[in-house]
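S.K.: One predicted model, sequence on top.
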Amino acid sequence: MAKVEITVNGKATSANVEDRTLLVDYLRETRNLTGTHVGCDTSQCGACVVHVDGKAVKSCTMLAAQASGSDVKTIEGVAGNGALHPMQEAFHQNHGLQCGFCTPGMIMAGIDMVNRLGPKLDEATIRAELEGNICRCTGYHNIVKSIAAGAKEMGKGMKKAAQ
Amino acid sequence: MYETNYHRAKDAADAAKKLRSSDDGMYLSGGMTLLPTMKQRLAAPSDLVDLTHIKDMNKISVTRKDVVIGATATHAEVASHAKLMKVCPSLCALASHIGDPHVRNRGTIGGSIANNDPAADYPSAMMALGATIITNKRKMKAEKFFTGMFDTALAEDEFVKAVSFTAPKRGAYSKFPNPASRYAMAGVYVADHGKGDVRVGVTGASQNGVYRAKDMEKALSKSFDAAALEGCNVDEGDMLSDIHGSSAYRANLVKVMAKRAVEAAAS
């Protein structure tokens, strides 16, 4: 067994888990944070994307033990003060989902995109950056629109924060 | 995934010690290949020795044209390293097209070359750049390191610590990604080191894994121009043949990718 200590959405957590426990299973089963999904389980679909120390990773392809000592943010941790995160709000406003299964990963990937590349994202960039996130419903059009809109809103927030 | 025991190595000596004291252990870096393989139960190491917490093993240093990249540098770190971009932009470009953004945040250059997947991108670069592979035991040239598909010269308890090379005068990598998996069906890295020293590394296509295309090198050393490759023949017999493409298709693809790489490097 491995003792893991992971800060999840700002809260210190610890547990003894089997060494082979995947981070996504730790989040879903030990912490009951079921917003992070398992889609393909073969590192392709991106439904399990979370941020580990600020970087988007596929939590189905990382052991909980590897993440011990790290700061993990999941979809449950992005909203604050009773309001949706701008990226969540953008998916809502732009109908960026149908069944919603891929959405947590899409939103975590979208936020990561803005963190890395800034709030001005053109369509080609968003589509290329979505390489690791698969949606089987929407055909991506509204997801791309949502991320562009969410990025813009995040940009306004960054500007305000800077002032 | 079968049961396994996870260990975190403090330093290089600790890593080797932990591996030697395991039944059937393996080194773990980013885990982007090893963990999916374990999940499919195609690999079942008794122990995993995590190398990614070894201090400074992810450092990238660029001194004039001399480059050293630590083994646990992620693809994202290689792709976005400002100094590396100045001296060897073709390697940054290669790293920026491996997998997807989330994979690039975890996958490492050391893990990629130690695995030597026949469709991995980095091995072709190591060949073309004339890289030296630095392990916890020795240094060797890339040609000695890569010994065939999924095979390297690494001993049981040996791991890659860093790679080093001198940046070429110009270079480019061109790959034809499989439309579904995005792995290279053929990827060619061309590097012009000056004074007629041109090297060509080919990945994705050959049955024997990554190789140097010596006849292309000879042709390009006389004239660094895509047209110089016209007379080169890629031996169909050495090429992979599977549902994604026949050996003839792949042989042609190697030549097309080589031409594109030369054009990109020359422009």
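M.R.: Yep, it's here.
S.K.: Ignoring the adjacent residues along the chain, who's closest to B:D215?
M.R.: Nearest-residue entry for B:D215: B:C232, 5.0 Å, with adjacent residues in sequence omitted and distances by Cβ to Cβ, 6 or more residues apart in numbering or on different chains. In short, each C-beta sits where N, CA and C put it, glycine included.
S.K.: and the nearest residue to B:T166 once chain neighbours are set aside, what does it touch?
M.R.: Beyond its immediate neighbours in the sequence, the residue positioned closest to B:T166 (Cβ to Cβ, 6+ apart) is B:K65, lying 5.2 Å away. Listed by Cβ atoms under 8 Å, 6 or more residues apart in numbering or on different chains, the contact partners of B:K65 are B:87, B:166-167.
S.K.: What ranges does chain A have for its helices?
M.R.: Assigned by DSSP state H, the helices in chain A fall at A:23-25, A:86-93, A:103-117, A:123-129, A:141-162.
S.K.: and of these, who's closest to chain B?
M.R.: Closest approach to chain B among these (Cβ to the nearest Cβ): helix A:123-129, 5.8 Å.
S.K.: how many other residues sit next to A:A161?
M.R.: A:A161: 7 surrounding residues under other Cβ atoms under 10 Å in any protein chain shown.
S.K.: which bits of the stretch 1-150 of chain B sit near chain A?
M.R.: Within the stretch 1-150 of chain B, the positions near chain A by Cβ under 8 Å from any Cβ of the partner chain are B:1-6, B:8, B:28, B:31-32, B:35-36, B:38-40, B:48, B:50, B:52, B:76, B:99-103, B:105-106.
S.K.: quick one on the thing from earlier: return the subset of the contacts of B:K65 lying in strands.
M.R.: B:T166 (DSSP state E).
S.K.: Show the buried residues in the contacts of B:K65.
M.R.: If you count burial by 16 or more other Cβ atoms under 10 Å in any protein chain shown, the buried members of the contacts of B:K65 come out as B:87, B:167.
S.K.: Make a markdown table out of the contacts of B:K65 and add pLDDT.
M.R.: What follows is these, written out as a markdown table (pLDDT from 0 to 100):
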| residue | pLDDT |
| --- | --- |
| B:V87 | 98 |
| B:T166 | 98 |
| B:A167 | 98 |
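S.K.: how's chain A carved up into domains?
M.R.: By the assignment in automatic domain parsing, chain A contains the domains A:2-77, A:86-162.
S.K.: Most tightly packed of the ones you listed?
M.R.: Stretch with highest mean neighbour count among those: domain A:2-77 (a mean of 20; mean count of other Cβ atoms under 10 Å in any protein chain shown).
S.K.: That one spans what distance, first to last residue?
M.R.: Start-to-end span of domain A:2-77 (Cα to Cα, to the nearest Å) is 25 Å.
S.K.: what's the answer for stretch A:130-138, then?
M.R.: First residue to last in stretch A:130-138 (Cα to Cα) measures 13 Å.
S.K.: sorry, back to before: for the helices of chain A, give me CSV that also has mean pLDDT and distance to B:D14.
M.R.: Formatted as CSV, those follow (pLDDT from 0 to 100; distance: least, Cβ to Cβ, whole Å):
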stretch, mean pLDDT, distance to B:D14
helix A:23-25, 98, 24
helix A:86-93, 98, 41
helix A:103-117, 97, 33
helix A:123-129, 97, 37
helix A:141-162, 93, 42
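S.K.: I'd like the ones you listed laid out as JSON lines, including distance to B:A248.
M.R.: Compiled in JSON lines, these are given as follows (distance: least, Cβ to Cβ, whole Å):
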{"stretch": "helix A:23-25", "distance to B:A248": "43"}
{"stretch": "helix A:86-93", "distance to B:A248": "47"}
{"stretch": "helix A:103-117", "distance to B:A248": "39"}
{"stretch": "helix A:123-129", "distance to B:A248": "31"}
{"stretch": "helix A:141-162", "distance to B:A248": "38"}
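S.K.: hang on, the earlier thing: show me the residues of the stretch 1-150 of chain B next to chain A that map onto strands.
M.R.: Counting by DSSP E, the part of those found in strands is B:5-6, B:8, B:28, B:48, B:50.
S.K.: which one of those sits closest to chain A?
M.R.: B:Y6 (4.2 Å).
S.K.: and the closest one, what are its bridge partners?
M.R.: Judged by DSSP bridges, the bridge partners of B:Y6 are B:L48.
S.K.: Could you tell me which residues of the stretch 151-267 of chain B lie near chain A?
M.R.: Contact residues (Cβ under 8 Å from any Cβ) of the stretch 151-267 of chain B with chain A: B:R182.
S.K.: could you pull out the helices for the stretch 151-267 of chain B?
M.R.: Here the stretch 151-267 of chain B has its helices, by DSSP state H, counting those that start in this stretch, at B:214-222, B:247-266.
S.K.: Grab the nearest non-local neighbour of A:H37.
M.R.: Nearest non-adjacent residue to A:H37, counting by Cβ to Cβ, 6+ apart: A:A47, 3.9 Å away.
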